[in-house]
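1. Provided below are the primary sequence and the corresponding predicted coordinates.
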Number of protein chains: 2
Amino acid sequence: LSILLFNDNSPVEHLSPLDRGLAYGDGVFETILAVNGELIWWSEHWQRLISGAQRLGITSPSEQLIYQAALQLAGVKRCVIKVILTRGVGGRGYAPTAGSVSTIVSMHPAPEILKSPVKIRWCQTPISQQPALAGLKHLNRLENVVARSEWQDEVFFEGLMSDLSDNVICATSANLFIYSKQRWLTPSLNLSGICGLTRQWLLDNIGNISVEPICHSDVENADAIFLCNSVRGMMEVSHLESLALPKTSFFNEINMKFLNRNPAFLTE
Amino acid sequence: LSILLFNDNSPVEHLSPLDRGLAYGDGVFETILAVNGELIWWSEHWQRLISGAQRLGITSPSEQLIYQAALQLAGVKRCVIKVILTRGVGGRGYAPTAGSVSTIVSMHPAPEILKSPVKIRWCQTPISQQPALAGLKHLNRLENVVARSEWQDEVFFEGLMSDLSDNVICATSANLFIYSKQRWLTPSLNLSGICGLTRQWLLDNIGNISVEPICHSDVENADAIFLCNSVRGMMEVSHLESLALPKTSFFNEINMKFLNRNPAFLTE
């Protein structure tokens, strides 16, 4: 058993091929780390899911129902639970209809644990500026797919995406932090990108992190770089293409603070 | 019977809820007018579908198979056949996998026939600039959904979308043409929008149409405006919000040329 489907708050057998999630990417999703049957940051994931849905005018299902479904699937030591919420079936045409929403809860293997800092690259595929959708973890992820398809080798763990105005926004599936001029910076996400939960935790709990536009040269001249997302936690970057980052303690300091408060991400 | 599903070239019963079309909008689609069992512009639709798929690195199914499926569903006087092609099931993660593609062929009612020219409005929701996807009829259509949700009344038939640089690109589900300075203009689609088949037919068959950037004031000062798509054909605009367009023969002239060569769009 690895997938549970709901139409509003009722279990269903199959996803309709007329679902607006497929037709238009008309929905939002979350990917949640589960460790020993515990759903890490469930409340934060749920809040982001329903606030994203509200922003799109999509009704929310019962939290209790979806939480129980997620728990039911999370019965291995370490896995990822994905929750997709769509506007459901609504005919042909962009105008949103007040139909029943669809929720898809599925279980996936946890990603392999990183043994060492990662090498990253620049993506050529730009990330689009769209203030109407910026920050949302919505289902329109084709530009991430195209960016991620730029490389197949295993040398590079991730790629950084920039908008058409030279703002570096994120990696294909993680937020970006750089240490520069004696402080941590992370890109503003008013026009592009996803407001990640690990990013938000750091902003809420670590002092002196600045949210501001970051350009290519800021990244190339950084004293330290890390990526983060709510499945892998914090990922130190050792190389930006052929550039080796200086050896500093900046990452270890912030990572220790993170792991002390979020031990589920400890992976010894 | 109104939906047929295929996995590569084999019929299947159900769409997987792990399909990348749902997860990421990782696919392309066509909406095809069918009149008395004939699929209008089939070859052009198919070519656009597979060239879009190729641009995304998605394998194409058998044309003969999908054509027969579409024909089988098109057995009413006037309807719309939608064909969705996705990268299929591919686990969790943006990196494209070489799995089996999914094709969904479905039949929908034809839209109501327009009795008179239409009123249109400006959308506040911008259309994003994304050269990596511009022109493609891909499944990431959430910005169209959000734009179309700006109005519910029936006064306005369509809304025009502009990018963040004041370029007017299209309506939520149609291309835009304006008559200005003694010639027809249509927006360039290098950064945004869908290369519509009716737009392309007009560019290929009507002389002296210019493809160039169009700004708000160009539209507001136009002598004539029409929208077009391959389901409805050509749609004359009478009003842009409260602005009544001048009475001219420019639209009728180009529409007659279009209908003479494309009588399927005649709807007396």
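-> Perfect, thanks for sending it. Numbering: from 1, shown residues only, chains lettered A, B, ... in the order given.
2. What count of nearby residues applies to A:Leu65?
-> The number of residues packed near A:Leu65 is 17, by other Cβ atoms under 10 Å in any protein chain shown. Where C-beta positions appear, they are placed from N, C-alpha and C, glycine not excepted.
3. Now for it: which residues touch it?
-> A:Phe6, A:Asn9 (Cβ atoms under 8 Å, 6 or more residues apart in numbering or on different chains).
4. tell me the phi and psi of it?
-> phi -60, psi -50 (degrees, to the nearest 10).
5. now swap in the one 10 residues further on and tell me
-> When quoted as degrees, to the nearest 10, the phi and psi of A:Gly75 stand at phi -80, psi 30.
6. separation between it and chain B?
-> Look at A:Gly75 and chain B: by Cβ to the nearest Cβ, to the nearest Å, they are 18 Å apart.
7. Skip the chain neighbours and tell me the closest residue to that residue.
-> Spatial nearest neighbour of A:Gly75, chain neighbours left out: A:Gly37 (6.0 Å); criterion: Cβ to Cβ, 6 or more residues apart in numbering or on different chains.
8. Likewise for A:Asp218?
-> Nearest to A:Asp218 is A:Ser180, by Cβ to Cβ, 6+ apart, at 5.9 Å.
9. Test my guess that the one you found contacts A:Asp223.
-> Yes. Taking Cβ atoms under 8 Å as the definition, A:Ser180 is a contact partner of A:Asp223 at 6.4 Å.
10. The two: which has the busier surroundings?
-> When A:Ser180 and A:Asp223 are compared for neighbours, A:Ser180 comes out ahead with 17 against 14, by other Cβ under 10 Å.
11. So for that one, what pLDDT did the model give?
-> With respect to pLDDT, A:Ser180 has a value of 97.
12. list the contacts for it?
-> A:Asp218, A:Asn221, A:Ala222, A:Asp223.
13. can you put those in CSV and add pLDDT and secondary structure?
-> Listed next are the contacts of A:Ser180 as CSV, based on pLDDT from 0 to 100; DSSP: H, G, I helix; E, B strand; the rest coil:
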residue, pLDDT, secondary structure
A:Asp218, 98, helix
A:Asn221, 98, coil
A:Ala222, 98, coil
A:Asp223, 98, coil
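14. Pull out the buried members of those.
-> Among these, those buried by neighbour count (16 or more other Cβ atoms under 10 Å in any protein chain shown) are A:Asp218, A:Ala222.
15. who in the stretch 101-250 of chain A is up against chain B?
-> With Cβ under 8 Å from any Cβ of the partner chain as the criterion, the stretch 101-250 of chain A meets chain B at residues A:104, A:106, A:108, A:125-126, A:128-133, A:138-149, A:152, A:164, A:172-173.
16. which of the residues you listed count as buried?
-> Among those, those classed as buried by 16+ other Cβ under 10 Å are A:104, A:106, A:108, A:125-126, A:128-130, A:132-133, A:138-149, A:164, A:172-173.
17. Which members of those occur in helices, if any?
-> Using DSSP state H, the subset of these located in helices is A:Leu142, A:Glu143, A:Asn144, A:Val145, A:Val146, A:Ala147, A:Arg148.
18. residues making contact with stretch A:244-263?
-> A:40, A:177, A:179, A:184, A:198, A:201-202, A:205-206, A:222-226, A:233-234, A:236-239, A:265-266.
19. for the record, mean pLDDT for it?
-> So the average pLDDT for stretch A:244-263 ends up being 97.
20. List the buried residues of that stretch.
-> For stretch A:244-263, by 16+ other Cβ under 10 Å, it's A:Leu245, A:Phe250, A:Phe251, A:Ile254, A:Asn255, A:Phe258, A:Asn262.
21. go on, stretch A:70-85?
-> In stretch A:70-85, counting by 16+ other Cβ under 10 Å, buried: A:Ala70, A:Leu71, A:Leu73, A:Ala74, A:Cys79, A:Val80, A:Ile81, A:Lys82, A:Val83, A:Ile84, A:Leu85.
22. And those, which two are furthest apart?
-> Farthest-apart pair in the buried residues of stretch A:70-85 is A:Cys79 and A:Leu85; separation 19.8 Å (Cβ to Cβ).
23. who are the neighbours in contact with A:Asn205?
-> By Cβ under 8 Å, 6+ apart, the residues touching A:Asn205 are A:Lys257, A:Arg261.
24. confidence score at it?
-> Confidence score, pLDDT, at A:Asn205: 97.
25. what's the spacing between it and chain B?
-> 28 Å.
26. Alright, that wraps it up for me.
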